[in-house]
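Visitor: Have a look; sequence and predicted model below, questions after that.
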Amino acid sequence: MVVNILRATFRSERYAAIVLALAAVAGLLVANSGVGHDVIGFFHQHASIGIPNLDLSVGHWITDGLLAVFFFIVAVELRQEFTVGELNSVSKALAPAAAALGGVLVPALIYFTIAGASEPRGWPIPTATDIAFALGLIALLGRNLPRRIRVFLMALAVLDDLVAILIIAIGFTSSVQIGALVLAAICLLFLWQACKPNKLRGMRPILLVVLSALTWYFVLVSGVHATIAGVAIGLVMAPAQAQKAAHALMPWSNALILPLFAFVSALVVFPQVRLYQLDIAFWAIVIALPVGKLIGISVAGSIVARFAPKGSGLRGWDLIVVAAVAGIGFTVSLLMNELAFTGDEALRDQGVLAVLTGSAISIVLGSALVIWRARLAGVRR
């Protein structure tokens, strides 16, 4: 009974949003406390398990290893939406797709305008939307909101995650070992075969776990970011089995993986500099994340809605509510920051603070709009 209650709680979007925020705050407090140096040092220690090419720090076991589980769940949701969900036709996908595209291009353009000349590497950071946090905020504060707002935000965030996956796969892969990628593809082929009916039914769960682990390992060795393995596995597995696995892993992702990632990513010592001494990339992210998402999604969504059939897409304040909430970058933006500023610890730390600051602005603005819109909807009922 207690276990079932805990599982239901850990699957809650409200829980995910609250715990993510608490974990990030805890990371900042710990990093700037008396034990901060020791805790940061612990996550920088390497934890080798004796397997070739698998000498990762504790922090990278989280960002490259555990986070692949989160991306597996994202991939399963993506396929679900594209097959039987809100994106299963061109007409349904057009409005959120246009809004998602605007929500990627405008933040990137704002970043380039501010910091492109001095620090172009950070442009992907403000393009992401944290699907777990955004939906959690809606669930927490928007009980009376029209269902179409949550559906549109869900579709937009799913497409945003797809763009983020492509950016990670293409933008952050400098050199690729083709042999390792071929081995990963072979593992995926065996995994696909193992999912077929009447094939190794008794041994299937163990076989799927082994093949998934091997796929992750070979993707890591190939030079492609290892979280892409989670995406590939989620797309290759049979839908019924993938849904079952994602459902089982969701509580672990919400209760452990995402909070742990948020905590580790937020282990940043506040720089001992004045505001005007912060890098231009910091200000570019802080502005591009909330402002870029708000403008990009609102404008692109409005243009499509103007020509779309009545009843499709969002208009007016409903669209602005979604645009404001979508400025919460958080998890995926923190990962982008980790990848973009690899090797530059000082800039990476400023990027973390920028993501948290920009997301906090979106949380405040989005919360105010969600509460206002929910009250308005409640009055009209």
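Guide: Received, thanks. Residues are numbered from 1 along each chain as shown.

Visitor: Now tell me what touches the helix or strand containing residue 281 from outside.
Guide: Using DSSP states H and E, residue 281 sits within helix 280-287. For helix 280-287, the surrounding residues in contact (C-beta atoms under 8 Å, 6 or more residues apart in numbering) are 110-111, 114-115, 118-119, 122, 125-126, 337, 347, 350-351, 353-355, 357-358, 361. Where C-beta positions appear, they are placed from N, C-alpha and C, glycine not excepted.

Visitor: Now a ChimeraX select for only the buried ones of those.
Guide: To isolate the buried members of the contacts of helix 280-287 in ChimeraX, using 16 or more other C-beta atoms under 10 Å:
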select :110,111,114,115,119,122,125,126,337,347,350,351,353,354,355,357,358,361
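
Visitor: from the contacts of helix 280-287, which ones fall inside helices?
Guide: Among the contacts of helix 280-287, the members falling in helices are 110-111, 114-115, 337, 347, 350-351, 353-355, 357-358, 361 (criterion: DSSP state H).

Visitor: Nearest to residue 64, out of those residues: which one, please.
Guide: Using C-beta to C-beta, the shortest approach to residue 64 within the ones in helices among the contacts of helix 280-287 belongs to residue 337, at 14.8 Å.

Visitor: Show me which pair in the ones in helices among the contacts of helix 280-287 is furthest apart.
Guide: Top of the distance list for those (C-beta to C-beta): 347 and 361, 20.7 Å.

Visitor: Quick one: mean pLDDT for the helix or strand that the helix holding residue 281 is followed by?
Guide: Proceeding N to C from helix 280-287, the next assigned helix or strand is helix 293-307, under DSSP H and E. The predicted model gives helix 293-307 an average pLDDT of 91.

Visitor: ok, and for helix 293-307, which residues are buried?
Guide: In helix 293-307, residues buried by neighbour count (16+ other C-beta under 10 Å) are 293-302, 304-305.

Visitor: again with stretch 358-378
Guide: By 16+ other C-beta under 10 Å, the buried positions in stretch 358-378 come out as 358-363, 365-367, 369-370, 373-374, 377.

Visitor: nearest to residue 20, of the residues you listed?
Guide: Taking these together and measuring to residue 20 by C-beta to C-beta, the closest member is residue 359, at 9.9 Å.

Visitor: need the contact list for the closest one.
Guide: 130, 133, 289-290, 327-330, 333.

Visitor: Same check on residue 141?
Guide: For residue 141, the residues meeting the contact criterion (C-beta under 8 Å, 6+ apart) are 367, 370-371, 374.

Visitor: can you check residue 145 too?
Guide: Shown in contact with residue 145 (C-beta under 8 Å, 6+ apart): 138, 321, 370, 373-374, 377.

Visitor: Over to it. Which of the three states is it?
Guide: coil (DSSP: H, G, I helix; E, B strand; the rest coil).

Visitor: how about it, phi and psi?
Guide: phi -60, psi 140 (degrees, to the nearest 10).

Visitor: Go ahead and confirm residue 133 touches residue 331.
Guide: Yes: using C-beta atoms under 8 Å, residue 133 makes contact with residue 331 at a distance of 7.1 Å.

Visitor: okay, and the common contacts of these two?
Guide: residue 20.

Visitor: quick revisit: nearest to residue 59 among the buried residues of stretch 358-378?
Guide: Nearest to residue 59 among the buried residues of stretch 358-378 is residue 359, at 20.4 Å by C-beta to C-beta.

Visitor: do you know how far the closest one is from residue 111?
Guide: Distance, residue 359 to residue 111, using C-beta to C-beta, to the nearest Å: 15 Å.

Visitor: Spatially central, which residue of this protein would that be?
Guide: residue 332 (3.5 Å; C-alpha atoms, centre = their mean).

Visitor: With the flanking residues excluded, which residue is spatially nearest to that one?
Guide: Nearest residue to residue 332, sequence neighbours excluded (C-beta to C-beta, 6 or more residues apart in numbering): residue 128, at 3.7 Å.

Visitor: counting contacts, what elements does the helix or strand where residue 243 lies pack onto?
Guide: Residue 243 belongs to helix 239-252 when assigned by DSSP H and E. Helices and strands touching helix 239-252, by 3 or more C-beta pairs under 8 Å, 6 or more residues apart in numbering; DSSP states H and E, are helix 2-11, helix 67-83.
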